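Participant: how would this look folded up:
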Amino acid sequence: MNKDVGENAPFLETKNIYKWFGSVCALRDVNFKVYPRECVGLVGDNGAGKSTLIKILAGVLKPDRGEIYIDGKRVKISSPRKARELGIETVFQDQALVECRNVWQNIFLGREIIKFKPLKVLDIDKMRNITENLMKELGLNIPSPDQEVRFCSGGERQGVAIARSMYFKARLVMLDEPTRALSVKGVEQVLNFVKRLKQSGISSIFVSHNVRHVYSVADRIVLMSRGRIVEEFVKEKFTPEEVEEILLKT
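Facilitator: Residues are numbered from 1 along each chain as shown. All right, here's what the predicted structure looks like:
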């Protein structure tokens, strides 16, 4: 484990998490940690349990057994709103963006800045300015915060979702298959966005079945198979080829 990680207590920790869907056990005895300023690569094939674990941490699903701790205190993440209150933001595969709305509207969707609270007048200028600054910080080459999201590339859409997480002071951003179905340029954009999260002091969980995408940004790699964590290591211990070979054997 690298120095930055080893000298801190975990921000998030799960203990003995189980999740059933009927008679199918989707997660079994999952013990998982994320440290401050750490990028964890969560890797496994389809059906490994990666997305189920992320949905539990995001408040979308409830575990059937087990405990979750934030900063050493046991918590119940009963809803996505509760997850956000705890500093956890999630970028799902569909990114939860509204295509017919523009960039700044998507960043502040449901959390708009109000200018005159009794009248509920939106402070559009402030939201546009904040969006422009976020775009510059992330290196998002979108011409204007007024551009509709439907005209953004796949990588740019991921960037908009990540910018939203950064503005609302997330301590942990979870990205569920963020590079799936993206062009080579889009993948490169997303990987750069993840690196900028760490530079901003934000932890992240990068969920993917693509070892090479994860390997380029992760500090630590956790392999899942059939609802269990089967391997966990600092990435420098293995090459991407060796990680792929380990995954094939699980």
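Participant: In space, not sequence, find me the middle residue of this protein.
Facilitator: Using C-alpha atoms, centre = their mean, the residue of the chain that lies closest to the mean C-alpha position is residue 174, 1.5 Å off.
Participant: for the record, mean pLDDT for the helix or strand harbouring that one?
Facilitator: According to DSSP states H and E, residue 174 maps onto strand 172-176. In this model, strand 172-176 has a mean pLDDT of 95.
Participant: following that strand, which helix or strand comes up?
Facilitator: Counting by DSSP H and E, what follows strand 172-176 is helix 184-199.
Participant: where are the low-confidence patches of this structure?
Facilitator: By pLDDT under 70, the weakly predicted segments of the chain are 1-7, 93-95.
Participant: ok, now with 80
Facilitator: 1-8, 93-96, 117, 181, 250 (pLDDT under 80).
Participant: what about the strands in it?
Facilitator: 12-21, 24-34, 39-43, 65-70, 73-75, 88-91, 114-116, 121-122, 172-176, 203-208, 220-225, 228-234 (DSSP state E).
Participant: Give me the buried positions along the longest one.
Facilitator: Using 16 or more other C-beta atoms under 10 Å as the burial criterion, the residues of strand 24-34 that qualify are 25-28, 30, 32-34. (C-beta placed from N, C-alpha, C; glycine too.)
Participant: Now stretch 119-132: buried residues?
Facilitator: Buried residues in stretch 119-132 (16+ other C-beta under 10 Å): 124, 127-128, 130-132.
Participant: quick one: residue 64 and residue 229, what's the gap?
Facilitator: According to C-beta to C-beta, to the nearest Å, residue 64 and residue 229 sit 17 Å apart.
Participant: more neighbours, these two?
Facilitator: residue 229 (22 against 14; other C-beta atoms under 10 Å).
Participant: So what pairs up with the more buried one in the strands?
Facilitator: residue 224 (DSSP bridges).
Participant: check contacts around it.
Facilitator: 30-32, 222-223 (C-beta atoms under 8 Å, 6 or more residues apart in numbering).
Participant: Make a markdown table out of those residues and add distance to residue 89.
Facilitator: Below are the contacts of residue 229 laid out as a markdown table (distance: C-beta to C-beta, whole Å):
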| residue | distance to residue 89 |
| --- | --- |
| 30 | 21 |
| 31 | 23 |
| 32 | 18 |
| 222 | 20 |
| 223 | 24 |
